[in-house]
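**Q** Sharing a model that was predicted from the sequence below.
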Protein chains: 2
Amino acid sequence: MKPAPRGPALITRGIILAIFAVLTAGTTLAQKPDPLPSWNPGPAKQSIVNFVRATTDPKSPQFVAPEDRIATFDQDGTLWVEQPFPTIGIYCLDRVPAIVAARPELKDVEPFKTVLSGDQAAIARLPMKDLETLLAAALTGMTTDQFQADVSHWLATAKDARWKRPYTELTYQPMQELLKYLRANGYKTYIVTGGGQDFLRVYAEKTYGIPPEQVIGTMSATTFSYDASGKPILIKVPKLLLNVDYAGKVEGIHLMIGRRPRASFGNTPGDQQMLEYTSAGDGARLAMLILHDDPVREYAYGPAKGLPHVAMGAFPQSYYDLAIKNGWIVVSMKNDWNRVFAFEK
Amino acid sequence: MKPAPRGPALITRGIILAIFAVLTAGTTLAQKPDPLPSWNPGPAKQSIVNFVRATTDPKSPQFVAPEDRIATFDQDGTLWVEQPFPTIGIYCLDRVPAIVAARPELKDVEPFKTVLSGDQAAIARLPMKDLETLLAAALTGMTTDQFQADVSHWLATAKDARWKRPYTELTYQPMQELLKYLRANGYKTYIVTGGGQDFLRVYAEKTYGIPPEQVIGTMSATTFSYDASGKPILIKVPKLLLNVDYAGKVEGIHLMIGRRPRASFGNTPGDQQMLEYTSAGDGARLAMLILHDDPVREYAYGPAKGLPHVAMGAFPQSYYDLAIKNGWIVVSMKNDWNRVFAFEK
């Protein structure tokens, strides 16, 4: 056996190993993957990281027990595109030919007549009462299984007019990273949306990694019954249980979770009460609003820099001022996100 | 170095090791703790163990993915004592002096007058309309925080008349073991009860290990508001959203979970639809009914062997026959459980 080198040779080898160790440590630090790579460095990203560290480090005075780590996300305009209409609205419009085929007497009745005309301007002017008739016709009157099958089929075939992609690809990559980052740190992530609960549940698990029981959407009743073979079924009926928007978001959170969230994310005045409720609890809290200010990569309908407003999901100056006053973080899509969609190169 | 033993010595040692191995294996098997020690050996216990094995062994043709492992439990009469009244009813009766102290004009109004009289027979005869007035007065009109504090205080001080123990000690030990056994095998356990959701949530985590978001009870609305200091609050209001009993149990499961349970446990005809819905799915399913047939250790109000019926939670012969026809397991408290309560020696 060859003896181990000694003297100068050993020292040299020691120095090389030490240098190698330092280099390796440096490399490891540099290569530790950033959990939020689509977020540009800045106050928004830092506030997320600070919040997670403060609430998950057992030595932190703001440590939160795992069972109380609840984070709630609005969907339309917060997790995915909501322009020119929220996706559930497009689904309801697309359902009209099938509804009229099944019930031909509706073809000359509003709002079906206007929707069939294809006149986009007239469709956009439909009064609320007509929209409610449309929603009831598109979203109720079938079993929960039939509804799920129909929505699945539609999602697999329908495409957004601007990006020519399935709607489920129009989720914001930075928010997908945020969902995963929170879950990796023991947070239970919920969606709290004005959109229909059953609609979102069809794709939430595959699209966001969020299981049906963590989806809180506008709730309509079902009626238990039996089919011709005696098998139990649930029929979707046009009876509103809770409109999960504005104050209804907090009421829905209480109904479905029974705990106050630690972090909440939204983008419109419909999220105000949820952010207030989240912020009013003890300890570290995170409240964030997504500002749509990027007309090139997505849409601009926030108040900053004189960008044009649009009616749906607008973020008026007064809401911006309220957010700043309350210490909520306003996320600029233009400045805080280096990537909006996963399909961008 | 001493050479290894050979020839007869080696054989002898090998035999001893083999015997030791067999003995050890036997010992290990015998000492492996039974997860259901309060259940007597028999078809009920075996059906639970078979179900769990079939749905959690990855090589089983009936394997169920972890996210689909949902088990739903009725509470009153299934997880804890429901005689002579369900506990939430006793809470409401006990609240009456405080209600009348706050609103003295109610002292001569029914049902408060009768409840204050202490006449148990008259209280038991109160019509449904009066009971609804009582429930509304006891369970609504305060903030969710005030309600939670009041129920916590009551649970810490009130005692059952028969056992002289807090109500939360009157849970069935075999069912506590079943909840833990299912959770240890990846099942998410839910309570689905006609009792009030907010009431049960106060103690479900501590008493059953079930977090608030897995409690599905009769749902009343809340109204979001602000207190005098501008802090967001939720006020409990007398507006019923869903009565979680009979068909309402299935509707509540759809609303809160959005998945069909794999296993369901109940004890009255109010659980029938939940068991039917659970059983109607594909693959292995477990549906069980607890039969109260032990007048010594608990109460007897099932149909077997001419035991007397009581109105509340009765289990008529027709229901027994339906269970047998449907292949549901009927659990005899008298024969299948060697222990009813944890406090028994």
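**A** Received it, and whenever you're ready, just let me know what you need. Residues are numbered from 1 along each chain as shown, chains lettered A, B, ... in the order given.
**Q** and A:Ile290, which of the three is it?
**A** Three-state secondary structure (criterion: DSSP: H, G, I helix; E, B strand; the rest coil) places A:Ile290 in strand.
**Q** now it: how far from B:Ala138?
**A** Remark: distance between A:Ile290 and B:Ala138 (Cβ to Cβ, to the nearest Å) = 43 Å. (Each C-beta comes from the backbone N, C-alpha and C, glycine too.)
**Q** what does A:Leu255 give?
**A** The gap separating A:Leu255 from B:Ala138 is 20 Å, by Cβ to Cβ.
**Q** count of neighbours near the nearest residue to A:Gly77 once chain neighbours are set aside?
**A** Spatial nearest neighbour of A:Gly77, excluding adjacent residues (Cβ to Cβ, 6 or more residues apart in numbering or on different chains): A:Asn267 at 4.2 Å. The local packing of A:Asn267 (other Cβ atoms under 10 Å in any protein chain shown) involves 27 other residues.
**Q** Also A:Pro261?
**A** Look at A:Pro261: counted by other Cβ under 10 Å, it has 28 neighbours.
**Q** Could you do the one 3 residues further on as well?
**A** Neighbours of A:Ser264 under the rule other Cβ under 10 Å: 31.
**Q** Doesn't it belong to a helix?
**A** No - going by three-state DSSP, the assignment for A:Ser264 is strand, not a helix.
**Q** mind listing what it touches?
**A** Each residue near A:Ser264 by Cβ atoms under 8 Å, 6 or more residues apart in numbering or on different chains is listed here: A:Ala71, A:Thr72, A:Phe73, A:Val192, A:Asp271, A:Met274, A:Leu275, A:Tyr277, A:Thr278, A:Leu286, A:Ala287, A:Met288.
**Q** Quick check: which of the residues you listed are also close to chain B?
**A** Among the contacts of A:Ser264, the residues within reach of chain B (Cβ under 8 Å from any Cβ of the partner chain) are A:Tyr277.
**Q** Where strands are concerned, which of the contacts of A:Ser264 count?
**A** With strands defined by DSSP state E, the entries of the contacts of A:Ser264 inside them are A:Ala71, A:Thr72, A:Phe73, A:Val192, A:Leu286, A:Ala287, A:Met288.
**Q** tell me the two of those residues that are most distant?
**A** A:Val192 and A:Leu286 (14.9 Å; Cβ to Cβ).
**Q** who has more neighbours, the two?
**A** Taking neighbours as other Cβ under 10 Å, A:Val192 and A:Leu286 compare with A:Val192 leading, 28 against 23.
**Q** hang on, isn't that one packed against A:Ala71?
**A** No - counting by Cβ atoms under 8 Å, A:Ala71 is not a contact partner of A:Val192; they are 10.2 Å apart.
**Q** on that earlier part again, in JSON lines: the contacts of A:Ser264, plus pLDDT.
**A** Written out in JSON lines, the entries for the contacts of A:Ser264 read as follows (pLDDT from 0 to 100):
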{"residue": "A:Ala71", "pLDDT": "98"}
{"residue": "A:Thr72", "pLDDT": "98"}
{"residue": "A:Phe73", "pLDDT": "98"}
{"residue": "A:Val192", "pLDDT": "98"}
{"residue": "A:Asp271", "pLDDT": "97"}
{"residue": "A:Met274", "pLDDT": "98"}
{"residue": "A:Leu275", "pLDDT": "98"}
{"residue": "A:Tyr277", "pLDDT": "98"}
{"residue": "A:Thr278", "pLDDT": "98"}
{"residue": "A:Leu286", "pLDDT": "98"}
{"residue": "A:Ala287", "pLDDT": "98"}
{"residue": "A:Met288", "pLDDT": "98"}
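**Q** residue boundaries of the helices in chain A?
**A** A:8-31, A:43-56, A:87-102, A:112-117, A:120-124, A:128-139, A:144-157, A:173-184, A:197-201, A:204-208, A:247-256, A:272-279, A:317-326, A:333-336 (DSSP state H).
**Q** Figure out which of those helices is closest to B:Lys325.
**A** Among the helices of chain A, helix A:144-157 comes nearest to B:Lys325, with 25.2 Å by Cβ to Cβ.
**Q** So which bits of the stretch 101-250 of chain A are right by chain B?
**A** That would be A:144, A:197-198, A:201, A:205, A:211-213, A:215, A:219, A:221-224, A:231-232, A:234, A:241-242, A:247-248, A:250, which are the residues of the stretch 101-250 of chain A within reach of chain B (Cβ under 8 Å from any Cβ).
**Q** Just the buried ones among those, please.
**A** Those of these that meet the buried threshold are A:144, A:197-198, A:201, A:211-213, A:215, A:219, A:221-222, A:224, A:232, A:234, A:241-242, A:247-248, A:250, by 16 or more other Cβ atoms under 10 Å in any protein chain shown.
**Q** How about the residue in the stretch 101-250 of chain A positioned nearest to chain B: what's its closest non-neighbour residue?
**A** Each residue of the stretch 101-250 of chain A has a distance to chain B, by Cβ to the nearest Cβ, and the smallest belongs to A:Pro212, at 3.1 Å. Ranked by Cβ to Cβ, 6+ apart and with sequence neighbours excluded, the top spatial neighbour of A:Pro212 is B:Gly258, at 3.1 Å.
**Q** more neighbours, A:Ile290 and B:Ala138?
**A** Summary of the neighbour comparison: A:Ile290 and B:Ala138, criterion other Cβ under 10 Å, with A:Ile290 having more neighbours (28 against 23).
**Q** Would you agree that one is in contact with A:Thr78?
**A** Yes - here A:Ile290 reaches A:Thr78: they are 5.4 Å apart, a contact under Cβ under 8 Å.
**Q** what is in contact with those two at once?
**A** A:Met175, A:Phe265, A:Gly266, A:Asn267.
**Q** In JSON lines: those, plus pLDDT.
**A** Output for those, formatted as JSON lines (pLDDT from 0 to 100):
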{"residue": "A:Met175", "pLDDT": "98"}
{"residue": "A:Phe265", "pLDDT": "98"}
{"residue": "A:Gly266", "pLDDT": "98"}
{"residue": "A:Asn267", "pLDDT": "95"}
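**Q** For those residues, work out which two are farthest apart.
**A** Put simply, by Cβ to Cβ the two of the shared contacts of A:Ile290 and A:Thr78 set farthest apart are A:Met175 and A:Gly266, 11.4 Å from each other.
**Q** Roughly how far does A:Asp119 sit from A:Val96?
**A** The span separating A:Asp119 from A:Val96 equals 13 Å under the rule Cβ to Cβ.
**Q** same check, this time on A:Ala228
**A** Look at A:Ala228 and A:Val96: by Cβ to Cβ, they are 28 Å apart.
**Q** Comparing these two, which residue is more hemmed in?
**A** Counting neighbours by other Cβ under 10 Å for A:Ala228 and for A:Val96 shows that A:Val96 has the greater number, 20 against 5.
**Q** residues contacting the closest residue to that one other than its chain neighbours?
**A** When the adjacent residues along the chain are set aside, A:Val96 lies closest to A:Val115, with 4.5 Å between them (Cβ to Cβ, 6+ apart). For A:Val115, the contact set (Cβ under 8 Å, 6+ apart) comprises A:Leu93, A:Val96, A:Ile123, A:Leu134.
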